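Colleague: Got a sequence here, can you build the structure:
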Amino acid sequence: VRPRITVSAPALNDTIYANSTTTPIRWAYTGASIANVSIEYSLNGINYVNISNVSVTQNGTYVWPSVPKSTTSDGYIRVSDLDNPSVNDTSDRFNIVGSLKLLSPNGGQNWPVGSSPAITWIADAVSGTVNVSYSLNNGGLWNSLGQYAASPAQWNITNDTTVSNQVLVKVVDDLNENITYDISNNTLAVIPVLDITFPESGHTIVAEEATNITWTKLGTGASNVTLEYSIDALNSVWDWLVPGGDHSVTGVTYFWNPAVANISNTSKIRVTYLNNANATNTGSGVFVLKGNITVTEPHGGENWQVGTNDHYINWTKKGNIGTVDISYSHDGGGNWTSLVGGVTASNLSWIWNITSTTNLSANQGKIKIGDSSYPDFVYNLSSGTFRIKGSLNLTQPADTGIVLTYDNASAYNINWTKFGNIANVKLTYSTNGGTSYPNTINASVNATANPYTAWKIPDSIGTTLKVNVSDVNDTTIFNVSNNAFAIKGS
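Modeller: Numbers count the residues shown, from 1 in each chain. The predicted structure is shown next:
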């Protein structure tokens, strides 16, 4: 029985895209066996061009390797028995139209506002220009970017563009817009541009103090952002800055109150768009989270004497400061002497027992307290100046029951100890129990000439005598007998 071939695809009025590599050609035959067929195409129904000779089964399918880069409304496929070309069939008429293939974007991109990404495509047998457009709502509404004679097109995404995660791009043959077009395979995003402005490189904020976190934001509709902080930005360790919920805020300022207690010189703030984590910024460089110390005592005006105890040095602190170092200056901060190091900072107090070797200060005393780990960066000085002055301690006559005898010849030793740089002392005595000391023993004695042996017992008969020893250069530094003594006649 003579074989008969029937071509079923392409079908009548099918649309085939130029340069397509996926177009199927289908046929079947009945009757005697056919081993091989010749497959041809025509753009006008008259002239045919061989596509391929293939071996076949009873029902054949062949994928057209490359549709011609030409357009026609009179396209045909002819399938013939290779051994008997008179056994053939021709398909119904079909159309070959221009082809557009969008190369980029095809989904997954994140394009920031202010950028100018390229849109690229391949055009085959497109007779007109290509209209490029975009949608911000997954194809619901299209916005034209213009017409282009060739790829690429450039989308200048302005800073006020509405941000969206549902963006599509479309390329269309403007002469065959319902047939020849291509759309992104998946959605992409137009994202906001965020920029931390404070704190960042070169800035310092104090731990446990309130501060404003600020940033700029470009892109319409970018409302909520999340904020994070890191005290170990070099190792990308982050914690939420905004508590609770989705950790987000609106606007471009957040009042961080209070800042964390951590201390770090590798700190960063990160701001991220809540609806797309690809829109994020950590500012430039790193900033410093520092501790803070405030000296509260002494605060100025104090008069402290060497050789005395229980002078409290007090302070407050902010941040996780471990230990502090305490220093003293006798000249308003020109020179510093260490008093103690490694004091537990949370004690907030240290008792200064002022030793006899301490430098005196004439109202120029200052205390400095610094973080032991950052002594030149985190420290504070007492707000005012105070005085460190010497001291005297009269040790004889001091006891009870002392009775001296006036004989116009005998002398009595006066003893004292001194603390600090006292050069000379004045010795006087009182006959009225210390109400006044009008009687001079010696107006200026070397303070180290102790005991003083040259006091000739005076003719001051009585029972209420006292001796006063005082600094010649500072009469506020003095000491008197603890007890009154007596002088009797002989």
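Colleague: count of residues packed around residue 472?
Modeller: Using other C-beta atoms under 10 Å, residue 472 is surrounded by 15 other residues. For the C-beta atoms, the positions are set from N, CA and C on the backbone; glycine is no exception.
Colleague: That one contacts residue 425, correct?
Modeller: Yes: contact between residue 472 and residue 425 holds when scored by C-beta atoms under 8 Å: they sit 6.3 Å apart.
Colleague: and for the two, which residues touch both?
Modeller: Residues touching both residue 472 and residue 425 (C-beta atoms under 8 Å, 6 or more residues apart in numbering): residue 444.
Colleague: any low-confidence regions in this protein?
Modeller: Counting by pLDDT under 70, the chain contains no low-confidence range.
Colleague: and the residue nearest the centre of it, what is it in contact with?
Modeller: In the chain, the residue lying closest to the centroid (C-alpha atoms, centre = their mean) is residue 268, at 1.6 Å. Taking C-beta under 8 Å, 6+ apart, we find residue 268 in contact with 200, 229-230, 233, 282-283, 286-287.
Colleague: what about stretch 257-266, start to end distance?
Modeller: 20 Å (C-alpha to C-alpha, to the nearest Å).
Colleague: let me fix that: stretch 233-242
Modeller: 18 Å.
Colleague: quick one: the closest residue to residue 126 other than its chain neighbours from residue 42, how far?
Modeller: Leaving aside its sequence neighbours, residue 126 sits nearest to residue 98 (C-beta to C-beta, 6 or more residues apart in numbering; 4.0 Å). As judged by C-beta to C-beta, to the nearest Å, residue 98 and residue 42 stand 19 Å apart.
Colleague: beta partners for residue 167?
Modeller: residue 188 (DSSP bridges).
Colleague: That one and residue 136 touch, don't they?
Modeller: Yes: using C-beta under 8 Å, residue 167 and residue 136 qualify as a contacting pair, with a distance of 5.8 Å.
Colleague: follow-up on the earlier one: torsion angles phi and psi at the residue nearest to residue 126?
Modeller: Dihedral pair for residue 98: phi -60, psi 160, per degrees, to the nearest 10.
Colleague: can you give me the helices for the stretch 151-300 of the chain?
Modeller: Read by DSSP state H, counting those that start in this stretch, the stretch 151-300 of the chain holds no helices at all.
Colleague: what about residue 98 and residue 42, which has more around it?
Modeller: Neighbour tally, residue 98 and residue 42, criterion other C-beta under 10 Å: the higher count belongs to residue 98, 23 against 17.
Colleague: Spit out the contact partners of the more buried one.
Modeller: Contacts of residue 98 by C-beta under 8 Å, 6+ apart are 17-18, 71, 123-127, 173, 176, 180.
Colleague: from the chain's centre, how far out does stretch 461-468 sit?
Modeller: Centroid displacement of stretch 461-468 relative to its chain, using C-alpha atoms, centre = their mean, to the nearest Å, is 74 Å.
Colleague: What of stretch 390-400?
Modeller: With C-alpha atoms, centre = their mean as the basis, stretch 390-400 stands 63 Å off its chain's centre.
Colleague: between residue 167 and residue 136, what contacts are shared?
Modeller: The contact sets of residue 167 and residue 136 overlap at residue 190 (C-beta under 8 Å, 6+ apart).
Colleague: These two: which is more packed in?
Modeller: Neighbours per residue (other C-beta under 10 Å) separate residue 167 from residue 136, with residue 167 holding more: 26 against 20.
Colleague: residues touching that one, list them.
Modeller: 111, 134-136, 184, 187-190.
Colleague: Farthest-apart pair in the residues you listed, please.
Modeller: With distances taken as C-beta to C-beta, the most widely separated pair in the contacts of residue 167 is 111 and 135, at 13.7 Å.
Colleague: Show me the strands in the stretch 301-450 of the chain, by range?
Modeller: 303-305, 311-318, 323-329, 337-344, 349-352, 361-371, 379-381, 386-389, 391-396, 403-406, 411-419, 424-430, 439-446 (DSSP state E, counting those that start in this stretch).
Colleague: For the longest one, list every residue counted as buried.
Modeller: Buried residues in strand 361-371, defined by neighbour count with 16 or more other C-beta atoms under 10 Å: 361, 364-371.
Colleague: now do the fifth one
Modeller: Applying a neighbour-count criterion of 16+ other C-beta under 10 Å, the buried positions in strand 349-352 are 350, 352.
Colleague: re the thing from before, of all the strands of the stretch 301-450 of the chain, which one is nearest residue 51?
Modeller: Judged by C-beta to C-beta, the one of the strands of the stretch 301-450 of the chain that comes nearest to residue 51 is strand 311-318, at 83.0 Å.
Colleague: which secondary structure elements does that closest one contact?
Modeller: If you count contacts as 3 or more C-beta pairs under 8 Å, 6 or more residues apart in numbering; DSSP states H and E, strand 311-318 packs onto strand 292-297, strand 323-329, strand 349-352, strand 361-371.
Colleague: and the angle for it with strand 292-297?
Modeller: Interaxial angle, strand 311-318 versus strand 292-297 (axes from the mean of the first three to the mean of the last three C-alpha atoms, to 10 degrees): 150 degrees.
Colleague: how far away is residue 351 from residue 308?
Modeller: For residue 351, the distance to residue 308 - C-beta to C-beta - is 11 Å.
Colleague: want to try a markdown table for the contacts of residue 167, with distance to residue 435 as columns?
Modeller: Formatted as a markdown table, the contacts of residue 167 follow (distance: C-beta to C-beta, whole Å):
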| residue | distance to residue 435 |
| --- | --- |
| 111 | 95 |
| 134 | 102 |
| 135 | 103 |
| 136 | 98 |
| 184 | 105 |
| 187 | 100 |
| 188 | 98 |
| 189 | 94 |
| 190 | 94 |
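Colleague: returning to that earlier point: which residue comes closest to the residue nearest to the centre of the chain once chain neighbours are left out?
Modeller: Spatially, and ignoring its direct neighbours in sequence, residue 268 is nearest to residue 233 (3.9 Å; C-beta to C-beta, 6+ apart).
Colleague: Tabulate the helices and strands packed on strand 311-318 (TSV), appending distance to residue 257.
Modeller: As requested, these are arranged in TSV below (distance: least, C-beta to C-beta, whole Å):
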stretch	distance to residue 257
strand 292-297	15
strand 323-329	26
strand 349-352	28
strand 361-371	23
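Colleague: closest to residue 142 out of those strands?
Modeller: strand 292-297 (57.5 Å).
Colleague: Please spell out which residues along stretch 479-490 are buried.
Modeller: 479-481, 484-485, 487.
Colleague: next one: stretch 107-121
Modeller: Within stretch 107-121, the residues scored as buried using 16+ other C-beta under 10 Å are 109, 111-113, 117, 119, 121.
Colleague: In strands, which of those residues appear?
Modeller: 111-112, 119, 121 (DSSP state E).
Colleague: Nearest to residue 338, out of these: which one, please.
Modeller: Distances from residue 338 to those, taken by C-beta to C-beta, are shortest for residue 112, at 54.8 Å.
Colleague: which residues does the closest one bridge with?
Modeller: residue 191.
Colleague: In this structure it contacts residue 192, no?
Modeller: Yes: here residue 112 reaches residue 192: they are 7.3 Å apart, a contact under C-beta under 8 Å.
Colleague: Give the residues shared as contacts by those two.
Modeller: Once C-beta under 8 Å, 6+ apart is applied, the residues that residue 112 and residue 192 both contact turn out to be 219, 279.
Colleague: All set, thanks.
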